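Asks: Quick one: sequence plus predicted model below, questions after.
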Amino acid sequence: MSSWFRRKEKGIQTSTEEKKDTPKGLWYKSPTGKIIESEDLAENFWVSPEDDYHVRIGSKEYFQILFDDNNFKELDPNLSSKDPLKFEDTKKYSDRLKQAEKKTGLKDAVRTAVGKSMGKDLVIACMDFSFIGGSMGSVVGEKIARAIDYSIKKKLPFVMISKSGGARMMEAALSLMQLAKTSAMLAQLAEAKLPYISLCTDPTTGGTTASYAMLGDINIAEPGALIGFAGPRVVKEATGKDLPPDFQTSEFVLEHGFLDFIVHRRDLKRKINLYLDLVLNQPIRNEVES
């Protein structure tokens, strides 16, 4: 090899072991281009302070926000999906499940837990979009149904946090059956005169919207969340018409009567407990109790 391509003097060099890459995750850039340190973002309830953009978060973060001191007992933590239909498309469903579990550390697209929120026991089911798009399959439906059953047996309020792309196509009719199962369990919860608050976050779509997400005694949502059955592109293609501004945002849905309130994430814990106290005709709790 020609000496032209050889370095004659090494000069000052840093060994590979001593080189440090820029740590990942230190900064977050919102869709509007605002940049915030990840640590500051977490302290601000994962909301960008400059543009108020609500970053997508999962059950870990919502449990941290809603449960006192992040103390809770997870319900049915080991339920996991099978592949009864032996579904194959571009990839085996069983392989996708393994990959999603390894990537997220989750067993499926929902976690359920019981703990104290502002001093009183509360059951919460929260979906995780990171697990196959928060899709609803047999395990999601079963865990939600069991959580509602737990609420009935323990006489506790129930909160559902939805974040889903809809029914899980890889489970076909088995997934669609969960709409009826969860809705039937919510009917039993109502018969037991226990309150149910549904929180719609970005996105809440498909079979989730067509079942438990819209069946709350009080339906609330975070600002700017996408809420609907079919997505805007599908609706536009089906109707052949241009859609109104902010179509299917939580603000649009509120204006058209499908939501009761929009709640900023920093107020979520206080507002949910306020609504529960009102429904249960109990004395209103103060924030200091949280």
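Replies: Thanks, I have it.

Asks: the helices in the protein, which residues?
Replies: For the chain, helices defined by DSSP state H occupy the ranges 38-43, 59-66, 93-104, 138-154, 172-191, 206-209, 232-239, 250-255, 268-279.

Asks: So which bits of the fifth one are buried?
Replies: Judged by neighbour count (16 or more other CB atoms under 10 Å), helix 172-191 contains these buried residues: 174-176, 178-179, 181-182, 185-186, 189. Placement of C-beta: from N, CA and C, glycine included.

Asks: Closest one to R146 out of those, please.
Replies: When the buried residues of helix 172-191 are ranked by distance to R146 (CB to CB), M185 comes first, at 8.7 Å.

Asks: Grab the nearest non-local neighbour of that closest one.
Replies: Nearest non-adjacent residue to M185, counting by CB to CB, 6 or more residues apart in numbering: I148, 4.2 Å away.

Asks: The one you found - how many residues pack around it?
Replies: 27 (other CB atoms under 10 Å).

Asks: Touching, it and A187? I think so.
Replies: No: contact criterion CB atoms under 8 Å: I148 and A187 do not qualify, at 9.8 Å.

Asks: Next, the distance between the ends of stretch 90-110.
Replies: End-to-end span of stretch 90-110 (CA to CA, to the nearest Å): 25 Å.

Asks: next one: stretch 35-54
Replies: 13 Å.

Asks: could you give the mean pLDDT of it?
Replies: Mean pLDDT, stretch 35-54: 92.

Asks: do stretch 113-121 as well
Replies: 97.

Asks: show me where pLDDT drops low in the chain?
Replies: Along the chain, the parts satisfying pLDDT under 70 run over 1-25, 287-290.

Asks: got the domain boundaries for it?
Replies: Residue ranges for the domains of the chain, per automatic domain parsing: 22-55, 56-289.

Asks: most packed of those domains?
Replies: Mean neighbour counts were compared across the domains of the chain using mean count of other CB atoms under 10 Å; the top stretch is domain 56-289, at a mean of 18.

Asks: Please name the nearest non-neighbouring residue to L106.
Replies: Per CB to CB, 6+ apart, closest to L106 is F131, 5.0 Å.

Asks: now the one you found: how far from E101?
Replies: For F131, the distance to E101 (CB to CB, to the nearest Å) stands at 8 Å.

Asks: and if you look at T239?
Replies: T239 is 39 Å from E101, by CB to CB.

Asks: next one: M169
Replies: On the measure of CB to CB, M169 and E101 end up 18 Å apart.

Asks: ditto for T208
Replies: For T208, the distance to E101 - CB to CB - is 21 Å.

Asks: and if you look at V110?
Replies: From V110 to E101 the distance is 14 Å (CB to CB).

Asks: again with C200
Replies: 26 Å.

Asks: about what we covered before: got JSON lines for the helices of the chain, with distance to M118 too?
Replies: JSON lines is the format used below for those (distance: least, CB to CB, whole Å):
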{"stretch": "helix 38-43", "distance to M118": "20"}
{"stretch": "helix 59-66", "distance to M118": "9"}
{"stretch": "helix 93-104", "distance to M118": "29"}
{"stretch": "helix 138-154", "distance to M118": "17"}
{"stretch": "helix 172-191", "distance to M118": "21"}
{"stretch": "helix 206-209", "distance to M118": "27"}
{"stretch": "helix 232-239", "distance to M118": "37"}
{"stretch": "helix 250-255", "distance to M118": "24"}
{"stretch": "helix 268-279", "distance to M118": "4"}
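
Asks: so which of those helices comes closest to L85?
Replies: Of these, nearest to L85 by CB to CB is helix 172-191, at 6.0 Å.

Asks: Counting by contacts, list what the closest one packs against.
Replies: helix 138-154, strand 196-204, helix 206-209 (3 or more CB pairs under 8 Å, 6 or more residues apart in numbering; DSSP states H and E).

Asks: Tell me how far it lies from the chain's centre.
Replies: Relative to its chain's centre, helix 172-191 lies at 19 Å (CA atoms, centre = their mean, to the nearest Å).

Asks: what's the angle from it to helix 138-154?
Replies: Relative orientation of helix 172-191 versus helix 138-154 (axes from the mean of the first three to the mean of the last three CA atoms, to 10 degrees): 10 degrees.

Asks: returning to what we had before: for the helices and strands packed on helix 172-191, please prepare a markdown table with the additional fields distance to D267.
Replies: Shown next, in a markdown table, are these (distance: least, CB to CB, whole Å):
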| stretch | distance to D267 |
| --- | --- |
| helix 138-154 | 24 |
| strand 196-204 | 12 |
| helix 206-209 | 23 |
